[in-house]
Each structure stands twice: as C-alpha cells, then as structure tokens.
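K.L.:
Generate a structure from the sequence data that follows.
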Amino acid sequence: MNRVITRIAAALMAAALLASAGSAHAEKAAIDDPFRDLWQTTAYGEEDAVWNDIGTRVNVDIDRSVIRHSVENLVATITFKALKKRGDRFVNGWKVRTDADREFLVGVDAESGRWAGSLTLFDLNPPPESELDGPGLLECEGAGHEVDYVADKVKVWVPRSCLGDPEWIKGMSFAESHTSDRSIWVRDHGLHRGHELRGWTERLSVD
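P.N.:
Predicted coordinates for the structure are as follows:
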C-alpha cells in the first residue's frame with residue numbers, strides 16, 4: 001500500500017468535513033482558487049499540528065478544479081499554477097462523497113523517476129458486505145490518469161461502477177507535497193482558503 005496515499009487518507013478521515021451550502025444539482029462543478037495560499041507543517045497528521053501560510057510553490061498551488069459526473073465515469077481535472085518534473089514528491093487528487101454516504105479518495109502521486117505519476121483509489125468507508133475489512137485500496141478496471149506538465153494539469157477518471165453507481169456525487173480537490181525525509185509537508189485545498197480539508201462541491205447528478 002502506498003504509504004503517502006494511506007497517510008493522506010487517514011488525515012482526510014480525521015478532518016472535520018462540512019457539507020457545502022445549497023442543495024442545487026448539476027453534473028459539473030468548476031472552482032477557481034485565486035488565493036495563492038499554501039500551508040506548511042512539520043507535524044503532518046498530528047492533532048496539534050501548526051500550519052503556516054507560505055504563499056506559492058511549484059507542483060502544489062492549485063489554480064482551478066473541475067469535476068464532472070457523466071453516465072459512465074467521474075472525470076476530474078486540477079490545473080496548477082506550475083507543474084515541474086523536479087522538487088519534492090507531490091500528491092494530488094479528489095475526495096468523493098456519494099448519495100449512499102460512501103467516501104472515496106482518488107489520488108495521483110509523482111516524484112523523481114516516475115513523473116508520469118501513479119493512481120490510487122481508496123475506499124474510506126466500505127459497506128458491511130464488502131470484502132474490505134475497513135478502509136482500503138480498491139482495484140478499478142478502467143480508471144486512469146494523465147499528468148500534463150505543459151498544460152499544468154492532472155486529470156483522473158473513474159468508472160461510476162467502482163463508486164457504487166451513485167445517483168449523485170460531491171467532490172473536494174487537494175494537493176500536497178513533502179520533502180524526501182517527510183519532515184516538511186505543504187498543502188493546498190482547491191475549494192477554499194486554508195489548510196483544512198473540508199467543504200464540498202454542490203451535488204453533481206449524472207449528466
């Protein structure tokens with residue numbers, strides 16, 4: 001199991017998540033993040049971690065997040081201020097909530113030697129009848145990703161069947177990086193200002 005993705009999943013589960021305001025339904029959400037706020041800590045995952053605003057940074061600073069709920073797939077794209085094949089390992093992706101009160105983490109991480117990145121789908125609260133004994137990695141045929149360093153974009157797609165064929169979904173985007181010794185972590189949230197992993201898009205029905 002990818003330790004970075006697993007650690008982020010644990011942090012996401014521990015975060016206090018607030019539902020987004022409003023009850024409107026759509027099939028696509030596009031959110032700009034003009035704040036240029038990045039947050040850094042040396043105590044990642046700890047309850048008393050202190051996060052400081054450090055401004056912008058390559059491979060982490062989110063410009064725009066777009067998520068779409070189509071008949072066949074969830075398709076989501078994050079556009080960054082700058083993506084480079086250098087620097088710290090970075091992880092980005094989406095947390096997804098469904099109408100069945102299921103939550104998933106779709107993450108892409110990249111680093112030196114594998115800048116094309118790797119995709120992980122993590123089931124945060126599998127149903128009782130699931131083969132998973134608690135949160136765990138999912139295999140999902142048809143899921144994939146693209147990292148475009150020219151366009152500064154990371155795109156992911158996941159078949160709806162891997163998410164339980166939901167009637168609607170909500171999403172939140174994020175990006176994180178860490179030093180090689182994991183002593184310093186940096187985070188950006190694509191939907192709002194601040195380091196907390198909270199808040200969702202509106203409900204996205206199947207288009």
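K.L.:
Of all the residues in stretch 34-44, which ones are buried?
P.N.:
Buried residues in stretch 34-44, counted by 16 or more other Cβ atoms under 10 Å: 37-41, 44. C-beta: built from backbone N, CA, C; applies to glycine.
K.L.:
Stretch 193-204 now?
P.N.:
Going by 16+ other Cβ under 10 Å, stretch 193-204 has these buried residues: 194-195, 197-204.
K.L.:
Quick one: end-to-end distance for it.
P.N.:
Terminal residues of stretch 193-204 lie 22 Å apart, using Cα to Cα, to the nearest Å.
K.L.:
what distance separates it from the middle of the whole chain?
P.N.:
11 Å (Cα atoms, centre = their mean, to the nearest Å).
K.L.:
Got the phi and psi for R160?
P.N.:
phi -60, psi -30 (degrees, to the nearest 10).
K.L.:
Tell me, what's the model's pLDDT at it?
P.N.:
Per-residue confidence (pLDDT) for R160: 96.
K.L.:
in the protein, which ranges drop under the pLDDT threshold?
P.N.:
Residue ranges of the chain with pLDDT under 70: 1-26, 132-134, 207.
K.L.:
quick one: V66 from T98, how far?
P.N.:
19 Å (Cβ to Cβ, to the nearest Å).
K.L.:
if we can go back for a sec, which one of the buried residues of stretch 193-204 is nearest A29?
P.N.:
Nearest to A29 among the buried residues of stretch 193-204: T201, at 4.0 Å, using Cβ to Cβ.
K.L.:
For the closest one, list the residues it contacts.
P.N.:
20, 29, 31, 67, 170-172, 191 (Cβ atoms under 8 Å, 6 or more residues apart in numbering).
K.L.:
Which members of the residues you listed are positioned in strands?
P.N.:
29, 31, 67, 170-172 (DSSP state E).
K.L.:
re earlier: CSV please, covering the contacts of T201 and showing distance to P135 and neighbour count.
P.N.:
Shown next, in CSV, are the contacts of T201 (distance: Cβ to Cβ, whole Å; neighbours: other Cβ atoms under 10 Å):
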residue, distance to P135, neighbour count
S20, 23, 18
A29, 25, 22
I31, 26, 17
I67, 22, 26
K170, 19, 23
G171, 18, 27
M172, 17, 25
L191, 23, 21
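K.L.:
ok, the buried residues of stretch 193-204 vs V71, which is closest?
P.N.:
L204 (12.4 Å).
K.L.:
List the pairing partners of the host helix or strand of the closest one within its sheet, with orientation.
P.N.:
Here L204 sits within strand 203-205, counting by DSSP states H and E. Strand pairing for strand 203-205, determined by DSSP bridges: strand 25-26 (parallel), strand 168-178 (antiparallel).
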